[in-house]
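A.B. asks: need coordinates for the below:
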Amino acid sequence: MQKKAALHKDGPMLIIAGAGTGKTSTLTHRILNLIKEGVAPQNILAITFTNKAAKEMLERVDSLLEKHGFAAGVRDGDARPFIGTFHSLGVYILRAHAHVFGLTRHFTILDKTNSLSLIKEAVKAQGLDIKQFSPDRIAGVISRQKGNLMTASEYRRESGSTYFGGIVSSVWDRYEASLAREQSLDFDDLLLKTVLLLRDHENVRKEYQKRWQYIHIDEYQDTNGVQYELARLLAGDRMNICAVGDGDQNIYSWRGANVQNILNFEKDYNGAQTVLLEENYRSTQTILAAANDVIKKNTIRKDKNLFTKNDEGEKITLLQSYDENGEARTVGDRIKKLIDNGVKPEEIAVLYRANFQSRALEEGFLVMEIPYQVLGVRFFERKEVKDILSFIRAALNPESFSDIKRIIDVPPRGIGKSTLIKMFAKDEESLAPAAKKRVAEFWQLLSSIREYASVEKTSKLIKFVSEKTGIEASLKTGSDEDNDRLENIHEMVTLATKYDFLPPEEAVERLLADAALASDQDSLIKSESAVKIMTVHAAKGLEFPYVFITGLEQDLFPHRKMSAGNVTKEDEEEERRLFYVAITRAKKKLFLSYASVRTIFGKRQVNLPSEFLADIDDAYIELEAGDSEHEPIIRLDW
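C.D. replies: Modelled structure (predicted):
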């Protein structure tokens, strides 16, 4: 089946790839075979969702091309296949056509924090109370609508007449005005504006349809409305589109992903061939049997049954504990035994449904001296890193008020809030002489950074910024915290060397885009000898020899989201898909864990074990007592 998918060339193709069935290998060999068939590498596009997946695919394609003698001339730049994320594709296209939207090609990409800050300002500017009209909620509505391919003006026409719709619409308009003033785009704009560009400008659309004649979309089940339309526009009448995915792993409906996109692919693209990948190369037979037991209860899916030629493997261990602290001890005890028996800490992952669960686990692991890393502590979110990136962005885009506000007094240079207001009101002449001098020096600093960025390598630029701005000198105090920050800047220089082979302007643009689009998985340090702790959502696409799934209690996993009366069949099936994703992360051994009592929102409550546990055949389960201090209140009688 892999070979059939890899050798297919023209026309639409759907690859239903179950967990661990080698979809990345299939995709990369498909790209190799297209090149063998005479397709120019630059005519191939492959899009996925995470930087990690894109990087892995790119490395594999490079390796295959080199192995088969195609590496020469297709290593870099426009002569190689474009392999990246949806958002990096959007950045690439928009940089080339920024003028269409009245933007400089050095437009700033706002991260979620800065985006929310502008929305909060817009709420206040409307004279609204941010406690009553939550900026978070309004930001979520705007993001969801942009993901559904809706602009602010379209939203006003459709929903502006309702009370809440009117509030959102007025805030959205102010937010868009702020984005335009700052020459900035948010994450959702990177896709929405790309689609608008391709849809409304035939010459641009034809340019990219001609360039990318063979299109691959990975994780197709996770596409939302705007991503679906972007793929459709690029495929055009040629329809050489290969969609790869698994409806059973659709777990992002809360951010707009529509499982119907993959279920309807054959209707959307007439004549599509479908290939089913069911042989799993990752997990033991026992783990797969449990996964099949769980997912077969869902009805909104294409039927398939994972199988493997791997060993039967150990039974799944069910751990029972009294409360969340007991669960942390129980899981910790098992992890210590695994490590004592030669398992490396980085081969172990502990998964949970909700972020708050990490606290008890972390506290328990600290006491037990188990090394751990929480996925989600991102390098690019550290203060000193963000400061340096803000200096570079502000130098390239002096209209970026958000960046200038962040760095205007970093390190302290005596420029206060009132001076800042006059700077952006273009009223610097009214400043006192001393303040005017400080402001002039600041603009000169940004000018020198801009000039340096245009001629020097990116790694040298990071050094230049850290020294020229005084950040490095301010951190040489000798305190442990400052030393750590200094080390992070040094690490930033090292990281920037990977862009040094590019022309300076392109290199700095790539660095800024990659920093803005970094995801939780980018914080995963493979070389770090530590147990990985993360949500199930964050674990998507990863695999570990040993996996613990914790908090398997009714109303936690499956999660009832505080609105039991509004839970739909689709919600229930997505929760089951989430459990299926969690199970299929495990290669050798799976542990399932629940606690009888858990403190949630300050309340101690007794919980029933998750209904998902009853979905798995007893033959695959072995029961193990929990922590020794307390017996669980509710035991399962297997």
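A.B. asks: which helix in the protein has the most residues?
C.D. replies: Ordering each helix of the chain by length in residues (DSSP state H) puts helix 433-453 first.
A.B. asks: list the buried residues in that helix.
C.D. replies: 435, 438-439, 442, 445-446, 449-450, 452-453 (16 or more other Cβ atoms under 10 Å). Quick note: C-beta positions are derived from backbone N, CA and C, even for glycine.
A.B. asks: over to stretch 453-473?
C.D. replies: Here stretch 453-473 shows 453, 456-466, 469, 471-472 as buried, counting by 16+ other Cβ under 10 Å.
A.B. asks: check stretch 201-218 too.
C.D. replies: Using 16+ other Cβ under 10 Å as the test for burial, stretch 201-218 gives 204-205, 208-209, 212-218.
A.B. asks: keep only those of those that are in helices.
C.D. replies: Using DSSP H, the buried residues of stretch 201-218 in helices are 204-205, 208-209.
A.B. asks: and the furthest pair within the residues you listed?
C.D. replies: 204 and 209 (9.7 Å; Cβ to Cβ).
A.B. asks: now the strands for the stretch 51-200 of the chain?
C.D. replies: For the stretch 51-200 of the chain, the strands defined by DSSP state E, counting those that start in this stretch occupy 82-85, 108-109, 184-185.
A.B. asks: could the ones in helices among the buried residues of stretch 201-218 be laid out in JSON lines, adding distance to residue 411 and pLDDT?
C.D. replies: Conversion of these to JSON lines gives the following (distance: Cβ to Cβ, whole Å; pLDDT from 0 to 100):
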{"residue": "204", "distance to residue 411": "44", "pLDDT": "96"}
{"residue": "205", "distance to residue 411": "48", "pLDDT": "96"}
{"residue": "208", "distance to residue 411": "44", "pLDDT": "96"}
{"residue": "209", "distance to residue 411": "50", "pLDDT": "96"}
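A.B. asks: Throw those residues into a markdown table and include distance to residue 112, thanks.
C.D. replies: Compiled in a markdown table, those are given as follows (distance: Cβ to Cβ, whole Å):
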| residue | distance to residue 112 |
| --- | --- |
| 204 | 28 |
| 205 | 30 |
| 208 | 28 |
| 209 | 32 |
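A.B. asks: so in the protein, where's the weakest helix or strand by average pLDDT?
C.D. replies: helix 480-496 (a mean of 81; mean pLDDT, DSSP states H and E).
A.B. asks: and the longest strand that the chain contains, C-alpha only, in CSV?
C.D. replies: When the chain is parsed with DSSP state E, its longest strand is strand 586-595. Presented in CSV, the C-alpha positions along strand 586-595 are these (Å, rounded to 0.1, in the frame of the first residue of the first chain):
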residue,chain,number,x,y,z
ALA,A,586,3.3,4.0,22.9
LYS,A,587,5.8,1.7,21.3
LYS,A,588,6.6,-1.0,23.9
LYS,A,589,4.6,-0.5,27.0
LEU,A,590,1.5,1.4,28.0
PHE,A,591,0.4,2.4,31.5
LEU,A,592,-3.1,3.7,32.3
SER,A,593,-3.7,5.5,35.5
TYR,A,594,-6.7,7.0,37.5
ALA,A,595,-7.3,8.4,40.9
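A.B. asks: partner strands of that strand, parallel or antiparallel?
C.D. replies: Sheet pairing of strand 586-595 (DSSP bridges) gives strand 316-321 (parallel), strand 544-549 (parallel).
A.B. asks: hmm, residue 546 is touching residue 350, no?
C.D. replies: No - judged on Cβ atoms under 8 Å, residue 546 makes no contact with residue 350 at a distance of 9.5 Å.
A.B. asks: what about these two, which has more around it?
C.D. replies: Using other Cβ atoms under 10 Å, the more surrounded residue of residue 546 and residue 350 is residue 350, with 29 against 21.
A.B. asks: wasn't that one part of a strand?
C.D. replies: Yes - per DSSP: H, G, I helix; E, B strand; the rest coil, residue 350 lies within a strand segment.
A.B. asks: counting neighbours, what do you get for residue 421?
C.D. replies: So residue 421, with other Cβ under 10 Å, has 10 neighbours.
A.B. asks: and if you look at residue 549?
C.D. replies: Applying other Cβ under 10 Å, we find 27 residues neighbouring residue 549.
A.B. asks: check the gap between it and residue 94 for me.
C.D. replies: Separation of residue 549 from residue 94 (Cβ to Cβ, to the nearest Å): 40 Å.
A.B. asks: any stretches of the stretch 451-600 of the chain with poor pLDDT?
C.D. replies: 478-480, 519-527, 561-566 (pLDDT under 70).
A.B. asks: okay, helices next: where are they in it?
C.D. replies: Per DSSP state H, counting those that start in this stretch, the stretch 451-600 of the chain carries helices over the ranges 458-468, 471-474, 480-496, 504-516, 536-539, 569-583.
A.B. asks: hang on, the earlier thing: tell me what angle the longest strand of the chain forms with helix 569-583.
C.D. replies: Calculated by axes from the mean of the first three to the mean of the last three Cα atoms, to 10 degrees, strand 586-595 forms an angle of 120 degrees with helix 569-583.
A.B. asks: what's the helix or strand where residue 395 lies packed up against?
C.D. replies: Using DSSP states H and E, residue 395 sits within helix 383-396. On a contact count with 3 or more Cβ pairs under 8 Å, 6 or more residues apart in numbering; DSSP states H and E, helix 383-396 meets helix 401-407, helix 433-453, helix 458-468, helix 471-474, helix 480-496, helix 504-516.
A.B. asks: next, the angle from that helix to helix 458-468.
C.D. replies: Going by the same axes, to 10 degrees, helix 383-396 makes 100 degrees with helix 458-468.
A.B. asks: figure out which of the strands paired with strand 586-595 is closest to residue 119.
C.D. replies: Here strand 544-549 is closest among those (Cβ to Cβ), at 35.5 Å.
A.B. asks: contacts made by the closest one with the rest, please.
C.D. replies: Strand 544-549 is contacted by residues 319, 331, 334-335, 338, 343, 347-352, 532, 536, 557, 579, 582-583, 585-593 when judged by Cβ atoms under 8 Å, 6 or more residues apart in numbering.
A.B. asks: can you dump the C-alpha atoms of it in PDB for me?
C.D. replies: Extracted C-alpha coordinates of strand 544-549, given in PDB (Å, rounded to 0.1, in the frame of the first residue of the first chain):
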ATOM      1  CA  PHE A 544       7.900   7.000  23.000                       C
ATOM      2  CA  PRO A 545       8.800   3.500  24.000                       C
ATOM      3  CA  TYR A 546       7.000   3.900  27.400                       C
ATOM      4  CA  VAL A 547       3.800   6.000  27.900                       C
ATOM      5  CA  PHE A 548       1.700   6.800  31.000                       C
ATOM      6  CA  ILE A 549      -1.800   8.200  30.400                       C
END
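A.B. asks: any idea of the angle that strand forms with strand 348-352?
C.D. replies: 30 degrees.
A.B. asks: how distant is strand 544-549 from the center of its chain?
C.D. replies: 21 Å (Cα atoms, centre = their mean, to the nearest Å).
A.B. asks: redo the helices and strands packed on helix 383-396 as TSV? Include distance to residue 234.
C.D. replies: Output for these, formatted as TSV (distance: least, Cβ to Cβ, whole Å):
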stretch	distance to residue 234
helix 401-407	31
helix 433-453	31
helix 458-468	29
helix 471-474	42
helix 480-496	31
helix 504-516	19
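A.B. asks: which among these is found nearest to residue 308?
C.D. replies: helix 504-516 (35.8 Å).
A.B. asks: could you list the buried residues of that closest one?
C.D. replies: Those would be 504, 507-516, for helix 504-516 by 16+ other Cβ under 10 Å.
A.B. asks: give the helix, strand or coil label for residue 243.
C.D. replies: Classified using three-state DSSP, residue 243 is strand.
A.B. asks: relative to residue 232, how far out is it?
C.D. replies: Going from residue 243 to residue 232 by Cβ to Cβ gives 11 Å.
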